[in-house]
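In: model the following, please.
(2 chains)
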Amino acid sequence: MKDVKVLGSGCSRCIATAEMVEAEARALGVSVTIEKVTDYAAIAAYGVASTPGLVVDGKLVHAGGLPKPENVRTWLKEI
Amino acid sequence: MSAPPAAYAQPSQPGAALWIGATVAALALWVALYSQLEPFSIWFVGNLPVSPGSHLHEALSFFALDTPKVLLLLTIVVFGMGVVRSFFSAERTRAMLAGRHEGAGNVAAAALGVVTPFCSCSAVPMFIGFVSAGVPLGVTFSFLVSAPMVNEIALGLLFGLVGWKVAMIYLGFGLVVAIVSGWVIGQLHLEGWLEPWVRNLRTAPADLTTQRQTPADRIKAGLDAMRDIVGRVWLWMILGIGTGAFIHGYVPTELLASIMGRGAWWSVPAVVLIAVPIYSNAAGIIPVVEALLGKGAALGTVLAFMMAVTAISAPETILLRRVLSTRLIAVFIGVVTVGILAVGYLFNALI
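Out: Residues are numbered from 1 along each chain as shown, chains lettered A, B, ... in the order given. Next up, the predicted model:
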């Protein structure tokens, strides 16, 4: 079970990122919980300055712009 | 139960040559199209049932030439910008600014504002990210002024539609406004006017292992920026060209020159006051700038108008209200407005 957080205040890229994670997880057969973090203070607490950011199992893996699908797959597969 | 990570560790890059080749071919096509714009617009308007020399004919000519021209310019500038920006990220810019003091920090922030990815929707996370990582408030403001006002889109379109001299002047004075207004705000020591939760937030900068980017990745980043930005600004662009076409075809030169010409001392503050609440972006405003200059408006007045439209926008201000007190926003708008007024007057006096 992967715990994924998408950091972003609801921009179109943030929604696209969440959808990409969901699609990749389904394709890989990995079960995920996706949470959208929209509170500015909470986003800043992760240390990012650009959205969307992506946190997998508590670890920040990406910030700024759409992530690459192959990277998303890698993050979802890591233990 | 996980697949060996080796399959992903080395991102395969077949077709890097293919991507670069396709980019070169697209650039050649771009040049070919761009060179045909003027004959095309003359042919197009010539086929319309309007008599040559009429106001409508003038306006339509402007529209038929500028619409494909701005679109082509915007496409290539945004593509180039996407590629350049793949070398810069907000996090990297912040790391470069975090240790800086006012002065040199303001200069660095204004310069980085030109190349760092920015849109008004990302202004707030970026502002918090900068301030919480220890970037001084004045330096943060220099960035926040320069990022929307002096960017590749503004410079590229000015270069293509108005000329390189005006583009360089705009770059130089835009940076000066950003540096000086950030420095002034820093000297006022207004940290106490931030919303308390922002002031108290201290975060360690994210330690992102930088993802290696191949040339093909950077080209894809350019294409992605193109889709995103052209998709977002095309409506502003059409509105701007429509306004420019109207000015070009219907507004009498004498009238405009008497209002926005150098003779009218009050025209600089008047256009800035009009511009502050107007929200547009470079793609929307530069066709208007082109038309105004063509009708004898003074360069300083027009540059002040453009700076005020792009640097201060209502949506960004409303977003910033969540992290800045109203007083701080008022100071921000006040200082930037004074800087823009100074540029307008200086230019009209010099040229």
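In: rest of the way, CA atoms for contacts and neighbours
Out: Will do.
In: who are the contact partners of residue 44?
Out: As the question left the chain open, I've gone with chain A. Going by CA atoms under 8 Å, 6 or more residues apart in numbering or on different chains, residue A:44 touches B:125, B:128-129, B:132, B:203.
In: that was the other one, I meant chain B.
Out: residue B:64.
In: name the single longest helix found in chain A.
Out: helix A:12-28 (DSSP state H).
In: now for it, which elements pack on it?
Out: strand A:2-7, strand A:32-37, helix A:69-77 (3 or more CA pairs under 8 Å, 6 or more residues apart in numbering or on different chains; DSSP states H and E).
In: deepest-packed of those, please.
Out: strand A:2-7 (a mean of 22; mean count of other CA atoms under 10 Å in any protein chain shown).
In: okay, and residue 66 sits in which element?
Out: Just so you know, I chose chain A. Using DSSP states H and E, no element contains residue A:66; it sits outside every helix and strand.
In: my bad, chain B
Out: Going by DSSP H and E, residue B:66 is part of helix B:55-85.
In: roughly how far is that helix from the heart of the chain?
Out: Offset of helix B:55-85 from its chain centre (CA atoms, centre = their mean, to the nearest Å): 15 Å.
In: for stretch B:238-247, same thing?
Out: Distance, centroid of stretch B:238-247 to centroid of chain: 19 Å (CA atoms, centre = their mean).
In: for it, list every residue counted as buried.
Out: B:238-247 (16 or more other CA atoms under 10 Å in any protein chain shown).
In: kindly report the same for stretch B:335-351.
Out: B:335-337, B:339-345, B:347-348.
In: picking up where we left off before, the contacts of residue A:44: which ones sit near chain A?
Out: B:125, B:128-129, B:132, B:203 (CA under 8 Å from any CA of the partner chain).
In: mind putting those in TSV, secondary structure, neighbour count and pLDDT included?
Out: Below are the ones next to chain A among the contacts of residue A:44 laid out as TSV (DSSP: H, G, I helix; E, B strand; the rest coil; neighbours: other CA atoms under 10 Å in any protein chain shown; pLDDT from 0 to 100):
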residue	secondary structure	neighbour count	pLDDT
B:125	helix	24	79
B:128	helix	27	84
B:129	helix	33	82
B:132	helix	24	82
B:203	coil	18	67
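In: return the member of the residues you listed nearest to chain A.
Out: residue B:129 (4.5 Å; CA to the nearest CA).
In: could you measure from the closest one over to residue B:192?
Out: According to CA to CA, to the nearest Å, residue B:129 and residue B:192 sit 17 Å apart.
In: then residue B:342?
Out: For residue B:342 relative to residue B:192 (CA to CA), the value is 28 Å.
In: where does the residue positioned nearest the centre of chain A fall, phi/psi-wise?
Out: In chain A, the residue lying closest to the centroid (CA atoms, centre = their mean) is residue A:54, at 3.1 Å. The phi and psi torsions at residue A:54 (degrees, to the nearest 10) take the values phi -130, psi 130.
In: one more: the one 5 residues further on?
Out: Here the main-chain torsion angles of residue A:59 (degrees, to the nearest 10) amount to phi -110, psi 130.
In: residues of chain A that sit close to chain B?
Out: A:11, A:40-41, A:43-51, A:60-62, A:64, A:70, A:74, A:77-79.
In: buried ones among these?
Out: For these, buried by 16+ other CA under 10 Å: A:40-41, A:43-51, A:60-62, A:64, A:77.
In: buried residues in the longest helix of chain A?
Out: A:13-15, A:17-18, A:20-22, A:24-25.
In: neighbouring contacts of that helix?
Out: Residues contacting helix A:12-28 (CA under 8 Å, 6+ apart): A:6-8, A:31-32, A:34, A:36, A:51-53, A:65-67, A:69, A:72-73, A:76.
In: got the angle between that helix and strand A:2-7?
Out: Orientation check (axes from the mean of the first three to the mean of the last three CA atoms, to 10 degrees): helix A:12-28 against strand A:2-7 gives 170 degrees.
In: where does the prediction get shaky in chain B?
Out: B:1-14, B:119-121, B:203-211 (pLDDT under 70).
In: swap in 50 and give it another go.
Out: B:1-12 (pLDDT under 50).
In: in JSON lines, list the contacts of residue A:44 along with distance to residue B:295.
Out: Shown next, in JSON lines, are those (distance: CA to CA, whole Å):
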{"residue": "B:125", "distance to residue B:295": "41"}
{"residue": "B:128", "distance to residue B:295": "43"}
{"residue": "B:129", "distance to residue B:295": "44"}
{"residue": "B:132", "distance to residue B:295": "48"}
{"residue": "B:203", "distance to residue B:295": "52"}
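In: and the helix or strand harbouring residue A:62 with helix A:69-77, angle?
Out: Using DSSP H and E, residue A:62 falls within strand A:59-63. Angle, strand A:59-63 to helix A:69-77, by the same axes, to 10 degrees: 170 degrees.
In: so what secondary structure elements neighbour strand A:59-63?
Out: Using 3+ CA pairs under 8 Å, 6+ apart: strand A:59-63 touches strand A:53-56.
In: show me what the strand it packs on is packed up against.
Out: strand A:2-7, strand A:59-63.
In: average pLDDT for that strand?
Out: The average of the pLDDT scores along strand A:53-56 is 89.
In: tell me the contacts of residue B:292?
Out: B:244, B:247-248, B:256, B:302 are the contacts of residue B:292 under CA under 8 Å, 6+ apart.
In: kindly report the residues of the stretch 51-200 of chain B close to chain A.
Out: Going by CA under 8 Å from any CA, the residues of the stretch 51-200 of chain B near chain A are B:89-91, B:94, B:121-122, B:124-130, B:132, B:197-198.
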